[in-house]
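Colleague: What shape does this take:
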Amino acid sequence: MKIYTLHAKQNLPISIEEAWQFLSDPKNLKVITPDFMGFHIQSGADRSMFAGQIVEYIVTPILGIKTKWVTEITHVVDKKYFVDEQRFGPYAFWHHKHFIKEIDGGVEMEDLLHYKLPFGFLGQWAHPFLVKSKLDKIFEYRKNKLVELFGTI
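Modeller: Residues are numbered from 1 along each chain as shown. Okay, the predicted model is just below:
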């Protein structure tokens, strides 16, 4: 069983309050997700993030195939971190931690994602060119969009 990891950090010239306000609104996930993902929130984004919150999406991760993705916000510590975990969707396992902390001139945002693909060996074989490359593009888009919205340090 192969568990993959993606780790990303980004500094933004905003207050921790502004960062948390943006990140804790589930509707903003659509803002920082590239159009090629066909991302649409179906339910659960009607209030600020809280532990136990279920959010349902439709995504189009591969070959134009629409997939339902259900995540649960499992942990929230105000202005420090939150964790989302997939309950149903395209991954065999998805555990995504989002950290923010104050730094000189703004905040540091850190993502730590652990995930496992379905389909055993076939999933591992497809990882480098189908999944990892797509996740890298998604996180690069997210980084650029946050710079566009908030600037850079």
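Colleague: was I right about L135 contacting L6?
Modeller: Yes - L135 is in contact with L6 according to C-beta atoms under 8 Å; the separation is 5.8 Å. Where C-beta positions appear, they are placed from N, C-alpha and C, glycine not excepted.
Colleague: so what sits against both of those two?
Modeller: The contact sets of L135 and L6 overlap at L113 (C-beta atoms under 8 Å, 6 or more residues apart in numbering).
Colleague: Assign W125 to helix, strand or coil.
Modeller: Following DSSP: H, G, I helix; E, B strand; the rest coil, W125 is assigned to helix.
Colleague: That one: neighbouring residues, count only.
Modeller: 12 (other C-beta atoms under 10 Å).
Colleague: again with P26
Modeller: Using other C-beta under 10 Å, P26 is surrounded by 20 other residues.
Colleague: mind checking how far it is from G52?
Modeller: P26 sits at a distance of 13 Å from G52 (criterion: C-beta to C-beta, to the nearest Å).
Colleague: And the one helix or strand T67 maps to, what's buried?
Modeller: Here T67 is covered by strand 65-77, with elements defined by DSSP states H and E. Within strand 65-77, the residues scored as buried using 16 or more other C-beta atoms under 10 Å are 69-73, 76.
Colleague: For this protein, which element, helix or strand, carries the lowest mean pLDDT?
Modeller: Within the chain, confidence by mean pLDDT, DSSP states H and E is lowest for helix 120-126 among all helices and strands, at a mean of 90.
Colleague: who touches that helix?
Modeller: By C-beta under 8 Å, 6+ apart, the residues outside helix 120-126 that reach it are 2, 92, 117, 119, 131.
Colleague: Check which residues of the helix or strand following that helix are buried.
Modeller: Counting by DSSP H and E, the element after helix 120-126 in chain order, helix or strand, is helix 133-150. Across helix 133-150, burial judged by 16+ other C-beta under 10 Å covers 135, 138-139, 141-143, 146, 150.
Colleague: Share the number of residues neighbouring H98, please.
Modeller: Look at H98: counted by other C-beta under 10 Å, it has 19 neighbours.
Colleague: which ones are touching it?
Modeller: Applying C-beta under 8 Å, 6+ apart to H98 gives the contacts 23, 81-84, 109-111.
Colleague: ok, back up a step: looking at the buried residues of strand 65-77, which is nearest V59?
Modeller: W69 (5.1 Å; C-beta to C-beta).
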